[in-house]
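> I'd like to go over a predicted model; first the sequence, then the structure.
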Amino acid sequence: MNGRYSARIKVGLGMPAALASCKVAWWVEYKRLKSLKEHGLLGNPNAIAPISAFWLSPQFVLMGIMDGLARDGMEDFFQYQVPKSMRKRYALVLTKAVIRWEKMLNIGFIMILDVVVEKLRVEDGSWIADIVNQSRLDLFYAALVVVSMANLFIFAYVASFYTYSDFPEEEDNNEEEDPYEEIKTGKKQDKMEPTPDEETKRTIRTTS
């Protein structure tokens, strides 16, 4: 799916996948903590929740879908929405730069959230402790759900007002024939063999 609006479609589909991934991660962590509580293991740093590890699979599948759609969407955006002079040299660089900034912002968000929560919950401490059973990752994932919803609304608002440029000019894939190709490669360029009629006409002209 490539075209003028493919970037908006792919990123627009990737963001709900990110939202769904955070929602599923919250539900799985909530189920894990509930299972520990039912067996009297909540708060035990060495306890293992009596649920299957395969419960983690759906959120990682959704994350993979989100990453693939978002990456392809950004590549399409820089391919179709930037000048041709920049597209050839910097499209890949700009895509990687956006991905790197996204990761840095995610790390910054986690650090800021951790500091704020730790100050608000002095007795209980941070949501992200050194031991997973003493953490409240369900609340952290719930915060990510709220942020993902905000990102989705902001994207929808910006995408609805963004003016999309026309399709880029098609690249000329037919390279011009190099007159010195035969000298460089030492191979003769392919020529069409004359038909029998053409060969006969050439012979008549030569004899006459």
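Okay, I see it.
> Go through this protein and flag its longest helix.
helix 84-120 (DSSP state H).
> What's the first helix or strand after it?
Sequence-wise, the next helix or strand downstream of helix 84-120 (DSSP states H and E) is helix 137-161.
> got the buried residues for the longest helix of the chain?
87, 91, 94-95, 113, 117 (16 or more other C-beta atoms under 10 Å). (Glycine included, C-beta is placed from N, CA and C.)
> what does stretch 74-81 give?
So stretch 74-81, judged by 16+ other C-beta under 10 Å, has buried residues 74-80.
> Please identify which of these is nearest to Gln134.
Nearest to Gln134, judged by C-beta to C-beta, of those is Met74 at 38.0 Å.
> Just give the number of residues close to the nearest residue in space to Leu139 that is not next to it in sequence.
Excluding its sequence neighbours, the residue lying closest to Leu139 (C-beta to C-beta, 6 or more residues apart in numbering) is Trp127, at 5.2 Å. With neighbours defined by other C-beta atoms under 10 Å, the count for Trp127 comes to 20.
> Any figure for the gap between Trp127 and Val145?
Distance, Trp127 to Val145, by C-beta to C-beta, to the nearest Å: 14 Å.
> do Met104 as well
Applying C-beta to C-beta, the value for Met104 to Val145 is 21 Å.
> Show the contacting residues for the residue most central in space within the chain.
For the chain, the residue nearest the mean C-alpha position is Arg71 (2.4 Å; C-alpha atoms, centre = their mean). When contacts are counted by C-beta atoms under 8 Å, 6 or more residues apart in numbering, Arg71 touches 95, 99.
> tell me the SS of Met63?
At Met63 the chain is in helix, as set by DSSP: H, G, I helix; E, B strand; the rest coil.
> I'd assumed Ser21 was in contact with it.
Yes. If you go by C-beta atoms under 8 Å, Met63 and Ser21 touch, sitting 4.9 Å apart.
> now, which of the buried residues of helix 84-120 sits nearest Gly40?
For the buried residues of helix 84-120, the residue nearest Gly40 by C-beta to C-beta is Val117; the value is 26.5 Å.
> ok, now which ones touch the nearest residue in space to Asn151 that is not next to it in sequence?
Nearest residue to Asn151, sequence neighbours excluded (C-beta to C-beta, 6+ apart): Met15, at 6.3 Å. Contacts for Met15 (C-beta under 8 Å, 6+ apart) come out as 66, 70, 148, 151-152, 155.
> again, but for Ile99
71, 74.
> quick one: low-confidence ranges for this protein?
By pLDDT under 70, the weakly predicted segments of the chain are 1-5, 87-88, 121-125, 165-208.
> now the closest residue to His39 other than its chain neighbours, what's its secondary structure?
For His39, ignoring the flanking residues on the chain, the nearest one in space by C-beta to C-beta, 6+ apart is Pro50 at 6.2 Å. Applying three-state DSSP to Pro50 yields a three-state assignment of coil.
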